[in-house]
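Chemist: Turn this into a model:
(one chain, ligands or ions: 1)
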Amino acid sequence: MAKKNDDFFVEKKPWSRVKDELLGCYLKPYVAKILHTRKPLVYVDCFAGKGKFDDGNPGSPLIALDIFQKGLAETKIDGKAQIGAAFIDLNYASDLETNLSAYSGVKIVSGAYEDTIDELLKNKCGCNVFLYIDPYGIKALNCSKFDEFANGQFNSVELLINMNSFGFIREGCRVMGRQFTVDDDSFFDDLVEYEPTMLDTSDKSMETLNQIAGGDYWKSIIEQYTGGKIDGYKAEEYFSEQYCQRLSESYTYVLNMPIRLKAGQHTKYRMIHATNHPEGCVLMAENICNRWELLKDIQSGGQMTLFQEDINNQIVDDATIRERVTEHFSQCSEWTSLTEAQAVFFIKYGAICKPGEIAKVLKALEKEGHLAVHRNPSLTEKGKPSRFMSEGHGNTVSIKWVK
Ligand SMILES: C[S@@+](CC[C@H](N)C(=O)[O-])C[C@H]1O[C@@H](n2cnc3c(N)ncnc32)[C@H](O)[C@@H]1O
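Modeler: Residues are numbered from 1 along each chain as shown. Model (predicted):
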């Protein structure tokens, strides 16, 4: 029977705040950019919830709708800007009707994402599609569906997925008939599956997990975990790494942000962003770094941390950033777009620093004569050589390693 997990909406938890800000702070610049393609944006919140938490805080639907309203008001492209927003929920369609009533042209779908998404995306060829996928559990996340979305019918398609990676490890152990242990009983409070008894040791359950993971690579991770070769942290890390690699068969740029509430604790889940556009990847990397500041505050209870840590709680100092930037950009032996090179950097190393920090190192490398840079426009309005090291608003930058 479908489980509603009502407690989720009583009050907004800190990690929901991080998740919502990751969505909202990405959507703002994304909307501004995507409307300039002059193709409609089709936004689907596939597991939308109630729209609003019982404590009055906005849920993902209200966050997105406010951004769309402002984005449309600010976009000056002769009446061509169009956003169609749809919200699917299995249990809360009537709450959505009430909570979103102030917004016009909103589509609310009562049902399961897996049963309704095809119909919603039918006839949307040539549109820009953004899917927000925030389920409680993992069972509805069929990986081949994500492949299908990327098969070229849309002008662009981006996914932001909440993947309960540690939940997957738990399910994997269950399906392989192995013991799963976790030290903190409350750990899974927020990871309640909507049909928790569906998976067992049958071949059908094994196939379900293969479909979610997009392959059977997860089995050897479970073997290593239950055989004591790796601990739960590593199992979650390996699974997430390989899951992102699997998604990158259909989406060139896949980034993820681990959400753990205390430093050193198991990752609660990962927010995974998949896109075929380098600008989207760079935008999301910056967003992950900014949201990481908020998560770090939550993790440390507001206390200052001495060292600069990345999203995996690893120390990343200026010297490490310079070393990695040099290592990566020294591979650019042909003229390459800066944004593309930055996006590949983030895929290789993760969102370890903001794009601005990469730009600082690149400017130093340019000054030292290691990097050649073509800027367009090459001169400022006052006729001086341009110095910018970021693209957008009509500025383009190409770079090439010289020595
Ligand atoms: C984590 S909550 C979403 C929270 C929402 N993103 C927010 O910020 O307010 C997951 C939602 O998915 C709904 N749900 C569960 N199974 C579903 C399915 N198969 N298809 C669509 N919605 C589903 C639940 O009713 C629940 O409201």
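Chemist: For this protein, what lies in contact range of the ligand?
Modeler: Counting by C-beta under 6 Å from any ligand atom, the chain comes close to the ligand at 4, 8, 20, 47-49, 59-60, 88-92, 112-114, 134-136, 140, 194. Heads up, the C-betas are built off the backbone N, CA and C, glycines and all.
Chemist: which among these end up buried?
Modeler: 8, 20, 47-49, 59-60, 88-90, 92, 112-113, 134-136, 140, 194 (16 or more other C-beta atoms under 10 Å).
Chemist: can you map out the strands along this protein?
Modeler: 41-45, 83-89, 106-110, 128-133, 156-163, 253-259, 269-275, 336-337, 371-376, 396-401 (DSSP state E).
Chemist: okay, these in TSV with mean pLDDT next?
Modeler: Output for these, formatted as TSV (pLDDT from 0 to 100):
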stretch	mean pLDDT
strand 41-45	98
strand 83-89	97
strand 106-110	98
strand 128-133	98
strand 156-163	97
strand 253-259	93
strand 269-275	95
strand 336-337	97
strand 371-376	97
strand 396-401	97
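Chemist: JSON lines for these, including distance to Ala64?
Modeler: Converted to JSON lines, those look like this (distance: least, C-beta to C-beta, whole Å):
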{"stretch": "strand 41-45", "distance to Ala64": "6"}
{"stretch": "strand 83-89", "distance to Ala64": "7"}
{"stretch": "strand 106-110", "distance to Ala64": "10"}
{"stretch": "strand 128-133", "distance to Ala64": "7"}
{"stretch": "strand 156-163", "distance to Ala64": "11"}
{"stretch": "strand 253-259", "distance to Ala64": "18"}
{"stretch": "strand 269-275", "distance to Ala64": "15"}
{"stretch": "strand 336-337", "distance to Ala64": "30"}
{"stretch": "strand 371-376", "distance to Ala64": "34"}
{"stretch": "strand 396-401", "distance to Ala64": "30"}
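Chemist: contacting residues around whichever residue of the stretch 51-200 of the chain sits closest to the ligand?
Modeler: For the stretch 51-200 of the chain, the residue closest to the ligand is Gly59, as judged by C-beta to the nearest ligand atom, at 2.6 Å. Residues in contact with Gly59 (C-beta atoms under 8 Å, 6 or more residues apart in numbering) are 9, 12, 20, 48-53, 99.
Chemist: rerun at 6 Å
Modeler: The contact partners of Gly59, taken as C-beta atoms under 6 Å, 6 or more residues apart in numbering, are 49, 51-53.
Chemist: now Tyr269
Modeler: 162, 164, 259.
Chemist: and the first one, how many neighbours does it have?
Modeler: Using other C-beta atoms under 10 Å, Asn162 has 22 other residues around it.
Chemist: Just confirm it contacts Gly137, I think it does.
Modeler: No: using C-beta atoms under 6 Å, Asn162 is not in contact with Gly137, being 10.0 Å away.
Chemist: shaky segments in the stretch 101-250 of the chain?
Modeler: Scanning the stretch 101-250 of the chain for pLDDT under 70 picks out 182-197.
Chemist: what about stretch 245-256, start to end distance?
Modeler: End-to-end distance of stretch 245-256 (C-alpha to C-alpha, to the nearest Å): 11 Å.
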